[in-house]
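Asks: sequence plus the predicted model coming up.
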Amino acid sequence: MSSAEDTGDHALGDGEKKLPLCGSEEEGFKTGPEVSVPPSARFLQVELELNAHLRRLSFSEPVRHIYNPLEYAWDTHRCYVQRYCQAGQSILFLGMNPGPFGMAQTGVPFGEVNSVVDWLKITGEVGHPQDEHPKRRITGLACTQKEVSGARFWGFFRKLCGEPALFFQHCFVHNLCPLIFLGASGKNLTPPELLVGEREALLALCDIALCQAVEALGVSMVIGVGRVAEQRARRALSAAGSNVRVEGLMHPSPRNPLANKGWEVVAKAKLAELGVLSLLNKNNL
């Protein structure tokens, strides 16, 4: 995995070691009643601290390449968080980790390019991971490969909400793990495919960061998108003594035969059952 020297300063920009707090002159965390830190700044700080821990990990076969879009796509990721992470959001949709044509390219969870550019209106520069696989080049917002999961996920909420403002009034979207793992052939390796010890070391750090992020956001419900994300969220938050409700939503991946038969119908029924659908339906306004 790339070293802190190679990526850390680039991720923060201009050689800064601490996080600029969204238009404020202040940097880093400050506590006390006199300081009001916006949720977006607290959230970004959690991610930067997670990055610092993840750089110390190492992975063996079958992993050959590791990308962290929270480093090389920090510009677009920060744009997403600063624009859409806000006070009052009660629901966190939680994915597992980036897809090669989604967040790996754009820095946005489930970040299929058309959705990110046309609907979310995210802008910014996307760089390159240090050790780039020749078959998995990062082209950023110019990527022409469609990411089906992201297109389904954001496309559904675009139809339901009309404008991003309605969705993000109540919800935010995040991934448990920011890393994407590639094999020698360029195959995307999911965290369950990693060696057990390495996977558990990785997810233990991600679990801690999730609990910190949930606290920073102040959400009351986490909806894991896919069974693995749901299980990890339930385990992490329960172990931390959190009373945040954890639910699950079928993953929109094309690898899932049930999702290919009509993911939107399943998603709509599940969100109605959870009491979320009525919050997001533009026709209810």
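Replies: Noted; the coordinates are in hand.
Asks: from G186, how far out is the nearest residue to L50 once chain neighbours are set aside?
Replies: Among residues not flanking L50 along the chain, A209 sits closest, at 4.1 Å (C-beta to C-beta, 6 or more residues apart in numbering). (Glycine included, C-beta is placed from N, CA and C.) A209 is 27 Å from G186, where distance means C-beta to C-beta, to the nearest Å.
Asks: between these two, who's got more neighbours?
Replies: A209 (22 against 14; other C-beta atoms under 10 Å).
Asks: helices along the stretch 51-200 of the chain, start to end?
Replies: Along the stretch 51-200 of the chain, counting by DSSP state H, counting those that start in this stretch, helices occupy 69-72, 74-84, 103-106, 113-114, 148-161, 164-170, 196-217.
Asks: still on that earlier bit, and the residue nearest to L50, what does it touch?
Replies: A209 makes contact with 46-47, 49-50 under the criterion C-beta atoms under 8 Å, 6 or more residues apart in numbering.
Asks: show me which pair in the residues you listed is furthest apart.
Replies: Farthest-apart pair in these is E47 and E49; separation 7.3 Å (C-beta to C-beta).
Asks: from L195, how far out is the residue nearest to L50?
Replies: Distance of A209 to L195, given as C-beta to C-beta: 21 Å.
Asks: pLDDT score for T7?
Replies: Here the pLDDT value assigned to T7 is 34.
Asks: who wins for most neighbours among the contacts of A209?
Replies: Ranked by the number of neighbours (other C-beta under 10 Å), the contacts of A209 place V46 first, at 23 neighbours.
Asks: which helix or strand contains it?
Replies: Per DSSP states H and E, V46 falls inside helix 39-54.
Asks: can you list the buried residues in that helix?
Replies: For helix 39-54, the neighbour count (16 or more other C-beta atoms under 10 Å) marks 39-51, 54 as buried.
Asks: just stretch 228-241 next, same as before
Replies: Within stretch 228-241, the residues that count as buried by 16+ other C-beta under 10 Å are 228-230, 232-234, 236-237.
Asks: which stretches of this protein aren't confidently modelled?
Replies: By pLDDT under 70, the low-scoring segments of the chain are 1-35, 284-285.
Asks: can you give me the strands for it?
Replies: In the chain, strands defined by DSSP state E lie at 65-67, 91-95, 171-175, 180-182, 188-189, 221-225, 245-249, listed in chain order.
Asks: let's have these in JSON lines, adding mean neighbour count and distance to G102.
Replies: JSON lines is the format used below for the strands of the chain (neighbours: other C-beta atoms under 10 Å; distance: least, C-beta to C-beta, whole Å):
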{"stretch": "strand 65-67", "mean neighbour count": "23", "distance to G102": "12"}
{"stretch": "strand 91-95", "mean neighbour count": "24", "distance to G102": "9"}
{"stretch": "strand 171-175", "mean neighbour count": "23", "distance to G102": "10"}
{"stretch": "strand 180-182", "mean neighbour count": "24", "distance to G102": "9"}
{"stretch": "strand 188-189", "mean neighbour count": "17", "distance to G102": "11"}
{"stretch": "strand 221-225", "mean neighbour count": "23", "distance to G102": "12"}
{"stretch": "strand 245-249", "mean neighbour count": "19", "distance to G102": "17"}
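Asks: quick one: contacts for V173?
Replies: Neighbouring residues of V173 by C-beta under 8 Å, 6+ apart: 92-95, 109-110.
Asks: swap in F153?
Replies: Residues near F153 by C-beta under 8 Å, 6+ apart: 110, 112, 225, 252.
Asks: now it: how far from K159?
Replies: As judged by C-beta to C-beta, F153 and K159 stand 11 Å apart.
Asks: check P257 too.
Replies: 23 Å.
Asks: now swap in G197 and tell me
Replies: Per C-beta to C-beta, G197 is found 43 Å from K159.
Asks: equivalent analysis for P62, please.
Replies: 38 Å.
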